[in-house]
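A.B. asks: With the sequence up front, the predicted model follows.
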Amino acid sequence: MAQYGFHFDGTLCTGCKTCVLACKDVKDLPSDIAFRNVYEYGGGTWMQDASGAWTTDAFTYHVSVSCNHCDVPACLGKCPQGAISKDDETGIVTSDPEKCIGCGTCATVCPYGAPKVDKETQKSVKCDLCADRVAAGKVPICVEACPLRALDFGEIEELRAKYGEVAAVAPLPDASETQPNLVITEPVGARPAGDAAGAVMNEREIA
């Protein structure tokens, strides 16, 4: 079995969100659904010392994330209809619209917010890692579209060997929750998962 996954390079990402828009275009998604999101995470303040000089500990960075096709998918474990499955050959996690009743349990339990409920069809929808493109020897459209090459795709063990083992920075959850197939090259100023010093600065853009 090959387990596919993503690599995200936070040192290259400028937050342009081309990956988000390319995915929405190819998957023909409505305005309120995105299979990939780019979080802008930041915090800090300015401080003045006794001499009147100002210093700052402000920070900000971007994190692009979609479904991580986890080893232990929370959506799969909690779906009451058995509509979520993980492919034995690729590790891709998908939702079966024939079984889905649109209850939204998958969307609620996923710590990454990957599954969504389409209001029109009342079915769960999610990133399928562009399975049709992968089967044809191509990369997911988000990876192909990134102008800064901040995204990579492949077998997760190869990605880890190439880029390392880091799989979480704030605002993402700790990797132990679902064992995501994600590798992150940490952005400058990256805070650890669970950090409370910063906040997501573009909440209204997250779909």
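C.D. replies: Looks like it came in fine.

A.B. asks: from here on, contacts and neighbour counts on C-alpha atoms
C.D. replies: OK.

A.B. asks: Of all the helix elements in this structure, which one is longest?
C.D. replies: helix 18-27 (DSSP state H).

A.B. asks: Report the buried residues of that helix.
C.D. replies: Taking 16 or more other CA atoms under 10 Å as the neighbour-count basis, helix 18-27 is seen to contain the buried residues 18, 19, 20, 21, 22, 23, 24.

A.B. asks: was I right about the fifth one contacting residue 142?
C.D. replies: Read it as residue 22. Yes. Between residue 22 and residue 142 there is a contact under CA atoms under 8 Å: 6.1 Å.

A.B. asks: can you list the buried residues of helix 18-27 in JSON lines and add distance to residue 86 and pLDDT?
C.D. replies: Compiled in JSON lines, these are given as follows (distance: CA to CA, whole Å; pLDDT from 0 to 100):
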{"residue": "18", "distance to residue 86": "28", "pLDDT": "98"}
{"residue": "19", "distance to residue 86": "24", "pLDDT": "98"}
{"residue": "20", "distance to residue 86": "23", "pLDDT": "98"}
{"residue": "21", "distance to residue 86": "26", "pLDDT": "98"}
{"residue": "22", "distance to residue 86": "24", "pLDDT": "98"}
{"residue": "23", "distance to residue 86": "21", "pLDDT": "98"}
{"residue": "24", "distance to residue 86": "23", "pLDDT": "98"}
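
A.B. asks: contacting residues for the residue of the chain most remote from its centre?
C.D. replies: Distance to the chain centre peaks in the chain at residue 51, reaching 44.6 Å (criterion: CA atoms, centre = their mean). Contacts were defined as CA atoms under 8 Å, 6 or more residues apart in numbering; by that measure residue 51 touches no other residue.

A.B. asks: quick check, it in a helix?
C.D. replies: No. The assignment for residue 51, made by DSSP: H, G, I helix; E, B strand; the rest coil, is coil rather than a helix.

A.B. asks: Going forward, the N-terminal residue is numbered 23.
C.D. replies: Sounds good: first residue 23 from here, last item residue 73.

A.B. asks: any idea how far residue 155 is from the residue nearest the centre of the chain?
C.D. replies: Note on the chain: the residue nearest the mean C-alpha position is residue 87, at 1.9 Å, using CA atoms, centre = their mean. Plainly put, residue 87 is 19 Å away from residue 155 if you go by CA to CA, to the nearest Å.

A.B. asks: circling back to that earlier point, quick one, what contacts the residue nearest to the centre of the chain?
C.D. replies: Under the criterion of CA under 8 Å, 6+ apart, the neighbours of residue 87 are 30, 58, 59, 60, 61, 134.

A.B. asks: residue ranges with poor pLDDT in this protein?
C.D. replies: Residue ranges of the chain with pLDDT under 70: none are present.

A.B. asks: And the strands in it, which stretches?
C.D. replies: In order along the chain, the chain carries the following strands (DSSP state E): 26-31, 59-65, 68-70, 76-78, 81-87, 106-108, 115-117, 138-140, 145-147, 173-177, 204-207, 220-222.

A.B. asks: Give me the buried stretch members for the second one, please.
C.D. replies: By 16+ other CA under 10 Å, the buried positions in strand 59-65 come out as 59, 60, 61, 62, 63, 64.
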